[in-house]
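Participant: Sequence isn't available, so here's the structure alone:
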């Protein structure tokens, strides 16, 4: 029994909760039936393709997606994971961040101009994370943060020229120097601090396989500084031949790298022992 299975079994018995997500803004965990080729993230709610508003906050709606839901998701250490994953088979359209949230949006300060505006306010930092597993480690395998309906000054994250990296405006690349290895699940965490004119406050940083149990990720593996950046409104999966899972964005490193709370792990261990004992006596 793996940790994911053990956690699911015990959670259903004792009603555990997962911590460290108080300021998680949104996530996609691709929890749809295996083989699905078009994901409607909310089953037709919110006018179609809009994840139901959570935490008074946000979600996603899907314009176009080229790929297939896998049978089973990706896993990485103690990172909380759920559902299946998305195998990208061709460059897709954008997954838009659900907007028009109205009064009560707790993330209003992170938006650029009101409740219905894209994310990315001047001087603010937003954190992101995703699990990657590439079947072809050559060339490019990237997520692109779509900005204001265009690709102007967008940020791209993933495999760039065979290494894990980050690419900002003007094709400026931050290369981690870390090879992408086919068949190996990798956790990418990145942050963007917004300075729209491309001044010294514009900083995009990438961490490859950071310690999810740490308070901070440490020194970044790749950085792009001083490039203009626009507010972003969604994600676009570029290229092909990779699987992605647990796409999250939030206000801190901890928000996008949730792990079970210590008490939850203790209960999970106890619940797992109880489960195994019942299995043996059955």
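Facilitator: Here it is on my side, so go on. Note that the structure is a prediction, hence the values are computed from the model and not measured.

Participant: okay, now the closest residue in space to residue 212 that isn't next to it in sequence: neighbour count?
Facilitator: Once flanking residues are discounted, residue 212 sits nearest to residue 257: 4.2 Å by C-beta to C-beta, 6 or more residues apart in numbering. In this view, the C-beta of every residue, glycine as well, is placed from N, C-alpha and C. Counted with other C-beta atoms under 10 Å, residues neighbouring residue 257 total 28.

Participant: before we move on, could you check phi and psi at residue 257?
Facilitator: Torsion angles at residue 257 (phi, psi; degrees, to the nearest 10) stand at phi -130, psi 60.

Participant: Quick one, grab the pLDDT at it.
Facilitator: Model confidence at residue 257, given as pLDDT, is 96.

Participant: For it, list the residues it contacts.
Facilitator: The neighbourhood of residue 257, defined by C-beta atoms under 8 Å, 6 or more residues apart in numbering, consists of 20, 79, 129, 187, 189, 210, 212.

Participant: for residue 238, same thing?
Facilitator: By C-beta under 8 Å, 6+ apart, the residues touching residue 238 are 91-92, 140-144, 156, 158.

Participant: cool, residue 230 as well?
Facilitator: 118, 120, 147-148, 152-154, 196.

Participant: Hmm, residue 242 is touching residue 138, no?
Facilitator: No: counting by C-beta atoms under 8 Å, residue 242 does not reach residue 138; the two are 11.5 Å apart.

Participant: Between those two, point out the one with more neighbours.
Facilitator: Neighbour totals were compared for residue 242 and residue 138, and residue 242 leads with 26 against 12 (other C-beta under 10 Å).

Participant: Please spell out which residues along stretch 138-145 are buried.
Facilitator: Buried residues in stretch 138-145, counted by 16 or more other C-beta atoms under 10 Å: 140-145.

Participant: now, which of these sits nearest residue 105?
Facilitator: The closest of the buried residues of stretch 138-145 to residue 105 turns out to be residue 145 (C-beta to C-beta; 19.9 Å).

Participant: what sits up against whichever strand or helix holds that closest one?
Facilitator: Element membership for residue 145, per DSSP states H and E: strand 141-147. With C-beta under 8 Å, 6+ apart as the test, strand 141-147 has contacts from 88, 94, 96, 118, 128, 130, 132, 134, 151, 153-160, 167, 180, 192, 229-242, 244, 247.

Participant: Over to stretch 162-175?
Facilitator: Stretch 162-175 is contacted from outside by 137-139, 142, 152-161, 176-180, 186, 188, 190, 198, 204-206, 208, 221-224, 227-229, using C-beta under 8 Å, 6+ apart.

Participant: Of those, keep whichever come out buried.
Facilitator: Neighbour-count burial (16+ other C-beta under 10 Å) applied to those gives 137, 142, 153-160, 176, 180, 186, 188, 190, 198, 204-206, 208, 221-222, 224, 227, 229.

Participant: quick one on the thing from earlier: return the subset of the contacts of residue 230 lying in helices.
Facilitator: Counting by DSSP state H, none of the members of those fall within helices.

Participant: could you dump those residues to a markdown table with pLDDT and distance to residue 171?
Facilitator: As requested, the contacts of residue 230 are exported to a markdown table (pLDDT from 0 to 100; distance: C-beta to C-beta, whole Å):
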| residue | pLDDT | distance to residue 171 |
| --- | --- | --- |
| 118 | 81 | 22 |
| 120 | 87 | 20 |
| 147 | 73 | 15 |
| 148 | 62 | 19 |
| 152 | 76 | 13 |
| 153 | 83 | 11 |
| 154 | 85 | 11 |
| 196 | 82 | 19 |
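
Participant: just those now: which is nearest residue 69?
Facilitator: Checking those one by one against residue 69 (C-beta to C-beta), the nearest turns out to be residue 154, at 25.8 Å.

Participant: can you tell me how far the residue nearest to that closest one when sequence neighbours are not counted sits from residue 74?
Facilitator: The shortest distance from residue 154 to any non-neighbouring residue, by C-beta to C-beta, 6+ apart, is to residue 147 (5.0 Å). Per C-beta to C-beta, to the nearest Å, residue 147 is found 27 Å from residue 74.
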